[in-house]
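Asker: need a structure here:
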Amino acid sequence: MVQRVGRVEFGVAWVIRNLDGVVAVGLGLTIGMLDVFSDVISDKVSSGATLLVLGTLAVGSLTERVRRRSDIQEASADTRRALEDLAMVRSLSGDQVGDALERARAQTNRWYFKGGTGTYLRAVTLPRCVEAATRQRSQLSVKIEIINPADEQTCAAYARFRQTFARMRNDNAAHAWTADRTRKESYATVLAACWFRQRLDTLEISVHLSSGVPTLRFDLSESCLIVTQDDPNRVNLLVTREQPLYEYYDTELHHSREQARRLDLRGIASLSDAPTVDEVRAVFDEIALPLPSVFSDADVAEIVEKALHAEDPYRR
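Answerer: Residues are numbered from 1 along each chain as shown. Presented below is the predicted three-dimensional model:
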């Protein structure tokens with residue numbers, strides 16, 4: 001019974017959609033049968049009926065043409081919107097990466113980073129953003145997620161990852177990435193966060209330590225998301241804020257930070273403009289991330305140099 005009702009509803013709907021054609025066929029069949037089997041219809045009525053049928057068919061044809069044109073316009077609009085969305089995600093290579101990061105820093109009050117040790121972050125992004133916020137007297141929110149320098153296994157795994165891609169591109173610096181260097185680079189980013197926090201009252205900065213080995217770097221500002229990687233042969237991406245992918249990754253980065261260990265940077269001892277070895281050791285003790293006992297004063301001085309005078313990795 002249900003199937004029969006469904007077929008009836010489908011048939012009625014089909015007739016309504018094609019009413020012009022149904023009327024034309026019905027008139028044509030009626031006039032044709034009466035004209036063949038009886039003398040009731042005169043030649044004038046027959047001719048008039050024929051014109052009526054042709055007119056109905058013409059109306060149906062025009063209606064169908066309008067319907068198709070509307071469908072084509074709608075499809076074209078969908079295609080145009082898809083192309084516009086696609087244009088919001090574009091690839092970056094070479095100098096384009098540094099240029100894109102510079103534009104992203106131009107007008108933003110927040111910067112979220114997730115990556116390995118944050119070399120570019122402390123070399124360029126953090127000092128430039130702090131400088132702009134100081135000049136504009138505006139608030140700045142920075143959230144950083146890097147690998148945990150206290151996790152020796154993670155640091156060793158990240159060093160192997162960097163070495164692999166360095167060898168693939170015949171980079172002589174392949175052996176420069178060791179577990180020891182990885183730990184110092186990560187400690188340097190933590191120290192840089194503490195140092196800049198004390199120099200800008202409107203800076204809200206947090207550092208989150210992860211035990212995972214990231215293969216990509218994420219830099220998210222108010223205007224866009226930039227995804228980069230160590231292999232120069234692969235594509236880097238820029239996603240504008242209007243693109244849904246921006247919101248997806250904003251949420252993803254938030255949940256990633258929630259699962260990492262957050263350092264408490266409040267109430268730490270003051271760091272001078274050129275932090276001493278004793279100041280640095282004291283700060284790391286206060287944030288419950290003590291430096292390894294095997295680190296000499298020279299190692300600590302190296303961390304200070306990396307924290308406050310890091311080289312821009314994109315500079316050619």
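
Asker: residue ranges of the strands in the stretch 51-200 of the chain, please?
Answerer: Applying DSSP state E, counting those that start in this stretch to the stretch 51-200 of the chain gives strands spanning 89-92, 110-114, 140-147.

Asker: of the ones you listed, flag the one that's most buried.
Answerer: When the strands of the stretch 51-200 of the chain are scored by mean count of other CB atoms under 10 Å, the highest mean neighbour count falls to strand 140-147 (a mean of 23). C-beta: built from backbone N, CA, C; applies to glycine.

Asker: and that strand, what does it pack against?
Answerer: strand 110-114, helix 126-136, helix 152-168, helix 179-197, strand 203-210, helix 244-258 (3 or more CB pairs under 8 Å, 6 or more residues apart in numbering; DSSP states H and E).

Asker: residue ranges of each domain in the chain, please.
Answerer: 2-87, 92-308 (automatic domain parsing).

Asker: weakest of those domains in terms of mean pLDDT?
Answerer: Here these differ in mean pLDDT, and the lowest is domain 2-87 at a mean of 53.

Asker: output the helices and strands packed on strand 140-147 as a markdown table; include the columns distance to V304.
Answerer: Listed next are the helices and strands packed on strand 140-147 as a markdown table, based on distance: least, CB to CB, whole Å:
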| stretch | distance to V304 |
| --- | --- |
| strand 110-114 | 21 |
| helix 126-136 | 15 |
| helix 152-168 | 19 |
| helix 179-197 | 7 |
| strand 203-210 | 17 |
| helix 244-258 | 26 |
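
Asker: which one of the ones you listed lies nearest to E286?
Answerer: E286 sits nearest to helix 179-197 of all the helices and strands packed on strand 140-147, at 9.3 Å, using CB to CB.

Asker: which other helices and strands contact that closest one?
Answerer: Secondary elements touching helix 179-197 (3+ CB pairs under 8 Å, 6+ apart): helix 126-136, strand 140-147, helix 152-168, strand 203-210, helix 277-286, helix 297-308.

Asker: please repeat the previous calculation with a cut-off of 6 Å.
Answerer: When contacts are defined as 3 or more CB pairs under 6 Å, 6 or more residues apart in numbering; DSSP states H and E, helix 179-197 sits against strand 140-147, helix 152-168, strand 203-210, helix 297-308.

Asker: tell me the angle that helix makes with helix 152-168.
Answerer: 110 degrees (axes from the mean of the first three to the mean of the last three CA atoms, to 10 degrees).

Asker: would you confirm that R90 contacts L238?
Answerer: Yes. Taking CB atoms under 6 Å as the definition, R90 is a contact partner of L238 at 5.4 Å.

Asker: circling back: could the strands of the stretch 51-200 of the chain go into TSV alongside distance to H208?
Answerer: Below are the strands of the stretch 51-200 of the chain laid out as TSV (distance: least, CB to CB, whole Å):
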stretch	distance to H208
strand 89-92	26
strand 110-114	9
strand 140-147	4
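
Asker: what bridges to L209?
Answerer: Here L209 sits in beta bridges with I146, R261, going by DSSP bridges.

Asker: tell me which of the helices and strands packed on helix 179-197 lies nearest to V97.
Answerer: Among those, helix 152-168 sits nearest to V97 (CB to CB), with 15.7 Å.

Asker: so who does V304 touch?
Answerer: For V304, the contacting residues are P275, by CB atoms under 6 Å, 6 or more residues apart in numbering.

Asker: oh, I was asking about T117
Answerer: I146, E185, S186.

Asker: same thing with G115?
Answerer: P214, R217.

Asker: and for the one 5 residues further on?
Answerer: Going by CB under 6 Å, 6+ apart, Y120 touches P313.
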